[in-house]
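Visitor: Below are the sequence and a predicted model; questions follow.
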Amino acid sequence: MAFYGRDNELALLNEILGKNSYQGVLLWGRRHVGKSALIGQSLKVFSGTVIYYQCLKSDDETNLKGLVAAYRLGSAYQGEVLFSDIADFFAFVLAREKGKKVVFVLDEYPYWRETSSLGKEGLDSALQRAIDRVLSASDAKLIISGSYLGVMEEIQKENNPLAGRLKSKIALNPLNYLEAASFYPDYTPLEKIKAYAAFGGMPYLLEEINPKKSVDENLRSLYFSSEGSLKKLTPLLADEEVGKKDILFQVFTLLCSRTDKPSLADLSSCFSHVSKEWIRQALIELIDMQLVERVYPLGDKDKERSAYYRVADNALNYYFRCVKPFENAILLQAADVAFRSAQALFQKSLLPQCFERIAADYLVLSNRGRRQLPFVEIGTYFYNSKGQNGQFDIVAKNSKGYVFFECKLHTLSAADYAEERRQIEIIPPYGLHPYLLGFFGLEKGELAQEKNILVFDSHDLFRL
């Protein structure tokens with residue numbers, strides 16, 4: 001299986017594994033985001049003993065037996081010694097592997113933590129004592145990973161027993177649009193944008209793409225076939241992530257169906273049986289799970305009032321918006337009709353929205369190497385002036401002021417520039433005002449030679 005992206009995270013892990021002292025690593029991210037693959041890739045260049053254990057939702061005895069079994073797989077040890085404490089297990093391994101480098105990996109640690117007879121923080125305390133008593137005096141490495149994002153955040157708190165014992169922290173997010181494009185390197189820039197909008201950045205789903213087929217052919221076979229793998233895997237991912245908590249799932253699927261930019265009040269008005277506070281808490285939980293984003297205009301002090309919400313995961317958004325409504329048609333062998341209807345929805349709303357996000361990500365990624373006037377804030381801006389609503393897709397702030405960007409998934413024209421100028425003229429006096437304009441388009445077109453503006457096209461996005 002090919003491994004793409006994660007250059008920075010892989011370099012950090014390799015650096016940690018190469019040190020001659022105890023190192024603790026906390027690695028977290030959504031299910032199927034590639035945590036295990038990243039760890040496995042780093043261990044390919046590790047010369048030593050590896051004890052890689054995927055924790056179970058079971059009692060301490062079962063998990064300790066599992067650790068011993070993992071040790072047998074990663075070494076010449078073939079014994080059956082049982083341990084009542086994880087510290088004793090660590091000490092036993094280090095004594096047997098004296099003179100060798102050793103790395104312990106507790107993958108999906110929250111599973112064990114949830115069912116430990118010691119209790120959640122009890123297991124953390126046992127692991128803390130094991131680190132202090134055994135590992136800290138050695139050059140062993142300990143990697144703890146997990147997909148329960150709330151639990152992994154809890155472990156990082158100052159009052160948690162493991163505070164200070166896992167100093168290296170890696171948050172693994174879905175692949176960005178550039179990394180995802182490694183799965184389909186020969187696509188045109190437009191095809192890469194379409195693929196990212198429909199398949200997102202989860203390696204678990206991207207591995208299903210056949211890069212020798214077009215985007216539309218992949219969509220047809222993966223989503224709009226009764227046997228399509230993503231037609232099955234994507235809702236399964238939603239079930240694993242969101243679960244069947246009524247209000248959480250209802251809020252998430254409602255967001256997937258919205259074509260507008262709903263505020264908290266808009267979403268609350270759709271639920272007569274629960275309070276606004278319930279909806280707010282559900283949104284907070286979905287944001288913590290990295291499934292929903294809260295968007296608000298830069299410079300707005302009343303962010304709660306002006307914020308709106310959107311689905312953050314492209315693949316889940318595509319499935320619930322463009323596939324699920326047509327499932328019956330697919331089952332009734334009317335996939336052609338379903339696909340045409342889905343494509344109309346995709347082209348009208350999802351694709352332009354994704355293009356805006358890609359453009360914003362481009363500014364973030366290119367900001368790393370920007371020596372002059374680096375951006376310190378990147379967001380959006382919308383306003384109401386004299387009964388007219390307006391929005392600028394991307395607003396970036398540097399030491400000189402604000403740069404306003406407009407994103408158009410077509411060849412840019414003089415009319416686009418004129419419309420941008422018109423919008424700026426009606427911004428209220430107390431609003432944000434740009435010192436520079438910028439555009440992202442499929443092609444630069446008539447704006448290619450325009451002076452005093454920034455212009456990027458789809459080819460620029462993939463040249464980083």
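Guide: Thanks, I have it.

Visitor: tell me the domain ranges of the protein?
Guide: 7-172, 216-349, 369-461 (automatic domain parsing).

Visitor: tell me the contacts of Asp107?
Guide: Counting by CB atoms under 8 Å, 6 or more residues apart in numbering, Asp107 touches Lys35, Ser36, Ile39, Tyr52, Tyr53, Gln54, Cys55, Ser145, Gly146. Heads up, the C-betas are built off the backbone N, CA and C, glycines and all.

Visitor: Before we move on, what's the pLDDT of the residue nearest to it when sequence neighbours are not counted?
Guide: For Asp107, the nearest residue in space outside its immediate sequence neighbours is Gln54; the separation is 4.5 Å by CB to CB, 6 or more residues apart in numbering. Note on Gln54: pLDDT of 96.

Visitor: same question, Leu437
Guide: Note on Leu437: pLDDT of 95.

Visitor: Check the protein for its longest helix and report it.
Guide: Ranked by number of residues, the top helix in the chain under DSSP state H is helix 351-367.

Visitor: would you put the C-alpha positions of it in PDB?
Guide: Taking Å, rounded to 0.1, in the frame of the first residue of the first chain, the C-alpha atoms of helix 351-367 are listed here in PDB:
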ATOM      1  CA  LEU A 351     -17.400  22.200  -6.100                       C
ATOM      2  CA  PRO A 352     -17.300  26.100  -5.800                       C
ATOM      3  CA  GLN A 353     -17.200  25.800  -2.000                       C
ATOM      4  CA  CYS A 354     -14.300  23.300  -2.100                       C
ATOM      5  CA  PHE A 355     -12.400  25.600  -4.500                       C
ATOM      6  CA  GLU A 356     -12.600  28.400  -2.000                       C
ATOM      7  CA  ARG A 357     -11.200  26.100   0.700                       C
ATOM      8  CA  ILE A 358      -8.400  24.900  -1.500                       C
ATOM      9  CA  ALA A 359      -7.600  28.600  -2.300                       C
ATOM     10  CA  ALA A 360      -7.400  29.400   1.400                       C
ATOM     11  CA  ASP A 361      -5.300  26.300   2.000                       C
ATOM     12  CA  TYR A 362      -3.000  27.400  -0.800                       C
ATOM     13  CA  LEU A 363      -2.400  30.700   1.000                       C
ATOM     14  CA  VAL A 364      -1.700  28.900   4.300                       C
ATOM     15  CA  LEU A 365       0.800  26.500   2.600                       C
ATOM     16  CA  SER A 366       2.500  29.200   0.600                       C
ATOM     17  CA  ASN A 367       2.700  31.400   3.700                       C
END
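
Visitor: What is that helix packed up against?
Guide: helix 177-180, helix 189-199, strand 377-385, strand 388-398, strand 401-411, strand 434-443, helix 458-461 (3 or more CB pairs under 8 Å, 6 or more residues apart in numbering; DSSP states H and E).

Visitor: tell me the angle of it relative to strand 401-411?
Guide: Helix 351-367 and strand 401-411 are oriented at 130 degrees to each other (axes from the mean of the first three to the mean of the last three CA atoms, to 10 degrees).

Visitor: Walking through the stretch 151-300 of the chain, point out its helices one by one.
Guide: With DSSP state H, counting those that start in this stretch applied, the stretch 151-300 of the chain shows helices at 177-180, 189-199, 203-206, 215-222, 229-242, 246-257, 264-268, 276-288, listed in chain order.

Visitor: right, so of those, which gets closest to Arg305?
Guide: Closest approach to Arg305 among the helices of the stretch 151-300 of the chain is made by helix 264-268 (8.6 Å; CB to CB).

Visitor: Give me the subset of the contacts of Asp107 that lies in strands.
Guide: Using DSSP state E, the members of those that fall within strands are Tyr52, Tyr53, Gln54, Ser145, Gly146.

Visitor: Okay, and the beta partners of the second one?
Guide: It stands for Tyr53. In this structure, Tyr53 has beta-bridge partners Leu106, where bridges are defined by DSSP bridges.

Visitor: do you know how far it is from Ile394?
Guide: When CB to CB, to the nearest Å is applied, the distance between Tyr53 and Ile394 equals 44 Å.

Visitor: Can you tell me which of the helices and strands packed on helix 351-367 is nearest to Ala329?
Guide: Each of those was checked against Ala329 via CB to CB, and the shortest separation belongs to helix 189-199, namely 18.2 Å.

Visitor: Return the list of helices and strands in contact with the closest one.
Guide: In this structure, helix 189-199 makes packing contacts with helix 177-180, helix 215-222, helix 314-318, helix 351-367, helix 458-461, judged by 3+ CB pairs under 8 Å, 6+ apart.

Visitor: what angle separates the longest one from strand 434-443?
Guide: Computed with the same axes, to 10 degrees, the direction of helix 351-367 lies at 120 degrees from that of strand 434-443.

Visitor: Report the angle between helix 351-367 and strand 388-398.
Guide: Calculated by the same axes, to 10 degrees, helix 351-367 forms an angle of 20 degrees with strand 388-398.

Visitor: repeat for the second one
Guide: Taking the same axes, to 10 degrees, one finds that helix 215-222 is oriented at 100 degrees with respect to strand 388-398.

Visitor: just checking, what packs against helix 215-222?
Guide: Contact analysis of helix 215-222 by 3+ CB pairs under 8 Å, 6+ apart lists helix 189-199, helix 229-242, helix 335-345 as its packing neighbours.

Visitor: mind listing what's buried in that helix?
Guide: Of the residues in helix 215-222, those scored as buried under the neighbour-count criterion (16 or more other CB atoms under 10 Å) are Val215, Asn218, Leu219, Arg220, Ser221, Leu222.

Visitor: from the middle of its chain, how far away would that helix be?
Guide: 23 Å (CA atoms, centre = their mean, to the nearest Å).

Visitor: List of residues touching it?
Guide: Residues from elsewhere that reach helix 215-222, judged by CB under 8 Å, 6+ apart: 184, 187, 191, 194-195, 198-199, 208-210, 213, 228-231, 335, 339, 342-343.

Visitor: Report the mean confidence score over that helix.
Guide: Helix 215-222 shows an average pLDDT of 96 in the prediction.

Visitor: how far off helix 335-345 does it point, in degrees?
Guide: Direction vectors for helix 215-222 and helix 335-345, defined by the same axes, to 10 degrees, enclose an angle of 130 degrees.

Visitor: Output helix 215-222 as CSV, restricted to C-alpha atoms.
Guide: In CSV, the C-alpha atoms belonging to helix 215-222 read as follows (Å, rounded to 0.1, in the frame of the first residue of the first chain):
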residue,chain,number,x,y,z
VAL,A,215,-13.0,11.6,-11.8
ASP,A,216,-16.5,11.0,-13.2
GLU,A,217,-15.7,7.3,-13.9
ASN,A,218,-14.6,6.9,-10.3
LEU,A,219,-17.7,8.6,-9.0
ARG,A,220,-19.9,6.4,-11.1
SER,A,221,-18.2,3.1,-10.0
LEU,A,222,-17.5,4.0,-6.4
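
Visitor: Tell me what Thr411 is bridged to.
Guide: Glu443.

Visitor: What is the neighbour count of Leu283?
Guide: 21 (other CB atoms under 10 Å).

Visitor: List the contacts of it.
Guide: Residues counted as contacts of Leu283 (CB under 8 Å, 6+ apart) are Val251, Leu264, Leu267, Val292, Arg294, Tyr309.

Visitor: Please consider this matter closed, and thank you.
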